[in-house]
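Novice: The sequence isn't on hand, but the structure is:
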């Protein structure tokens, strides 16, 4: 049996009562929304049944059901009527306690829909931003908002309670609502261009928003979860986010009093600071104990003035024997991904935060096992890194892995929170951290490995893109 | 100096204060000529890139301060730029922002000018103007300056939804070291004053619903974490005492955030956010899960572990209490199972009246099975030797490094 429902709860209640009176089980009923049907007039199928209004008392259902149905009715999913009817049928056919079983498949689905609607309504109460306009000397506040679900009627009374003394309108693509100090009225949806473009107060609001943010607590992912990007276009403060994020690490290093410990490598730096002289001097460096077990220092490679500088953690077994950075398996992976991002290794400067291979003997003493450098080694070696940055003068630095990132921004830098973001730092206009290619090779969980690989590629691509958009150096 | 420049300085000076939420109150709706409402759950109107919500206009009336608290950027010896709002300017900003739905209300704090009473009077003046001159019914949170006179506290509570006197640091010794002008005794007196008025108003309203309200959203406080070496046990002890003695609604923990040009005695490093998060989790366990401080932070281990949540850490120490049968155990015991939050426990209790709970039920209730499984029995699951294995901690520890994103999500809900 095909039945038609207007997209509101009252209509569903009438239809559902009629169906229950007929004893029509849910699997025999096909619900169609009145609005959706118009498009499918020619669709083949059984004719729509006109139900006679049910007589007699309405079947008793738990009070919870009505509250739940009211929320679910606002959901955009056209399957909601069939689901509501199925649960109604079960409630009235021997499963009165059904709603108490949150883990039941049908109840669970209803609860998920209820939650989505509730969240969307909550976001609407929060993210509507009024703009003040004057019409014939009368003040009017107008907002443009894009809810996920059909919640305008549902949420409108909230705005009446909150703003009784303001004339206001909220415009959405599905419906509009207006308050004239006495009555609510509703209209059809409109496009964004119907809404006013700005409000003089937005600058002041932006000042507040930027000032109340504490850069020492930067956590972009948490913000994104609560402030979904789809709402950004209607929030005036969202325009400030990229700049605030970009400058956060520099501002934090300024807050964390710049007590820069002196790097032990400074004592080994040559008078002349050109790259060949630096590389030569580094071979003699004994700033930390790592030189004792390494074959040789592995210095950076690449042209002066390279636009992009890549900084890894430390040379590995292969690099230690060949004396060149990124020639082992991690280097091969790096080359492959660089190529896909449109970057040529020969045009980059590639180096490591620590120049000597650190290792421990493996079982039987046959293999040399990589051992990550500690804070002390990174600090000892930082003199070389800073000299390289000063000699190459890259436009952008890409730190591979946490060790490299922290060599620049200190131990507080958290790669899993800030990976892939382009920051402005004292070392280069563009600075980004991403995974170390060895980390990609070592992750045991194949799904995680694949995910990390995707992020890594995307980060390299966005670094390349950032460089391409950069105005040419004068 | 124009209002925009003042706003920049006085909002910046307030950014270290974490105790900003607009929850827990309800206020009768505004009359037709008024503005504003406070409904059951507060609203975050925006989020800054630190993941924290913006629900109130959080500013200082002034950042001039006669005190010299070393952890505070506004201390008298700091060379930070200074500004001072007039009460009318704060009122104007609040109303203008509110009309555009940018905010839920006002959170007003201040540096201490002249003395506690003078400062408190100025703040009360702002709230009075909003309520009486502008029929503003939005949310107002006022800082109670420790040491302010009882009459001023009484006035503040008439206008504000919430009052808070900051405890600042967990022990008297910490205060002596960093905030010589403050003491737990003076702050405690102010909290006691607020508590007495809250109780009195509650009693009067029980008699007559027309009796005047006093800070209907209760009182809270804030404690800075990580500026001194006090361990978590001391922090939780202080928090627990404040909850029971003064009936506080919330204790906010604020990871010490480095301030520009700070004193050499203070740690110059990024704020200990994970520790802050663990304290919130432990705080929740104390208030809603029936745990005691000694169970979460025992004397031999006075700091909460950072790698696992405090409930899981407790369960790993008390394996003799497990496994717990979800179909039989009383509610109090279910609340102690890692991965089961208050809401999940209530659902399980309801569901098991109608059928035996299985793992599939738990999946639909979004229980993190990886964490919970070794500790539970269901109709179709019984852990075998898991509880005895040496490596249990690796099996139940979150797979990835603790993400602060999850951290802040659960700090919000408090579910463990």
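Specialist: Received, thanks. Keep in mind that this is a model prediction, so the values were computed, not measured.

Novice: By mean pLDDT, point me to the weakest helix or strand of the chain.
Specialist: Just so you know, I chose chain A. helix A:34-37 (a mean of 62; mean pLDDT, DSSP states H and E).

Novice: Residue B:113 and chain A, how far apart?
Specialist: For residue B:113, the distance to chain A equals 21 Å [CB to the nearest CB, to the nearest Å]. Backbone N, C-alpha and C define where each C-beta goes, glycine included.

Novice: Tally up the residues packed near that residue, please.
Specialist: Taking other CB atoms under 10 Å in any protein chain shown as the criterion, the count of residues near residue B:113 is 17.

Novice: Repeat that for residue A:289.
Specialist: Residues lying near residue A:289 (other CB under 10 Å) number 12.

Novice: what does residue B:156 give?
Specialist: Neighbourhood size, residue B:156 [other CB under 10 Å]: 26.

Novice: Tell me the secondary structure at it.
Specialist: helix (DSSP: H, G, I helix; E, B strand; the rest coil).

Novice: these two touch, right, it and residue B:142?
Specialist: Yes - contact criterion CB atoms under 8 Å: residue B:156 and residue B:142 qualify, at 5.2 Å.

Novice: so what's in contact with those two at the same time?
Specialist: B:123-124, B:127, B:163 (CB atoms under 8 Å, 6 or more residues apart in numbering or on different chains).

Novice: Mind checking which of those residues are in helices?
Specialist: Among the shared contacts of residue B:156 and residue B:142, the members falling in helices (DSSP state H) are B:123-124, B:127.

Novice: mind listing what residue B:155 touches?
Specialist: Contacts for residue B:155 (CB under 8 Å, 6+ apart) come out as B:124, B:128.

Novice: Toward the C-terminus, what is the element adjacent to the least confident helix or strand of chain A?
Specialist: Using DSSP states H and E, the helix or strand that directly follows helix A:34-37 along the chain is helix A:63-72.

Novice: Pull out the buried residues from that following helix.
Specialist: A:65, A:68-69, A:71-72 (16 or more other CB atoms under 10 Å in any protein chain shown).

Novice: what residue ranges in the stretch 1-150 of chain B score low on pLDDT?
Specialist: Scanning the stretch 1-150 of chain B with the threshold set as pLDDT under 70 gives B:19-20, B:22-24.

Novice: can you give me the helices in it?
Specialist: Along the stretch 1-150 of chain B, counting by DSSP state H, counting those that start in this stretch, helices occupy B:3-12, B:87-99, B:116-128, B:134, B:150-159.

Novice: can you tell me the distance between the two ends of stretch A:2-17?
Specialist: 15 Å (CA to CA, to the nearest Å).

Novice: Check the offset of that stretch from the chain's centre.
Specialist: Centre-to-centre, stretch A:2-17 and its host chain are 39 Å apart (CA atoms, centre = their mean, to the nearest Å).

Novice: Ok, stretch A:432-445 next?
Specialist: That offset, for stretch A:432-445, works out to 20 Å (CA atoms, centre = their mean).

Novice: got it, and stretch A:205-224?
Specialist: 15 Å.

Novice: Report the mean confidence score over it.
Specialist: For stretch A:205-224, the mean pLDDT works out to 90.

Novice: what about that stretch, near chain B?
Specialist: Yes - Stretch A:205-224 is in contact with chain B by CB under 8 Å from any CB of the partner chain, via A:205, A:207-209, A:211-223.

Novice: Of the residues you listed, which belong to helices?
Specialist: Judged by DSSP H, the subset of the residues of stretch A:205-224 next to chain B located in helices is A:205, A:207-209, A:211-212, A:220-223.

Novice: Out of the residues you listed, which comes closest to chain B?
Specialist: Among those, residue A:222 lies closest to chain B (CB to the nearest CB), at 2.8 Å.

Novice: quick revisit: distance to residue B:174 and neighbour count for the ones in helices among the shared contacts of residue B:156 and residue B:142 - can I get that in TSV?
Specialist: What follows is those, written out as TSV (distance: CB to CB, whole Å; neighbours: other CB atoms under 10 Å in any protein chain shown):
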residue	distance to residue B:174	neighbour count
B:123	26	27
B:124	30	24
B:127	31	26
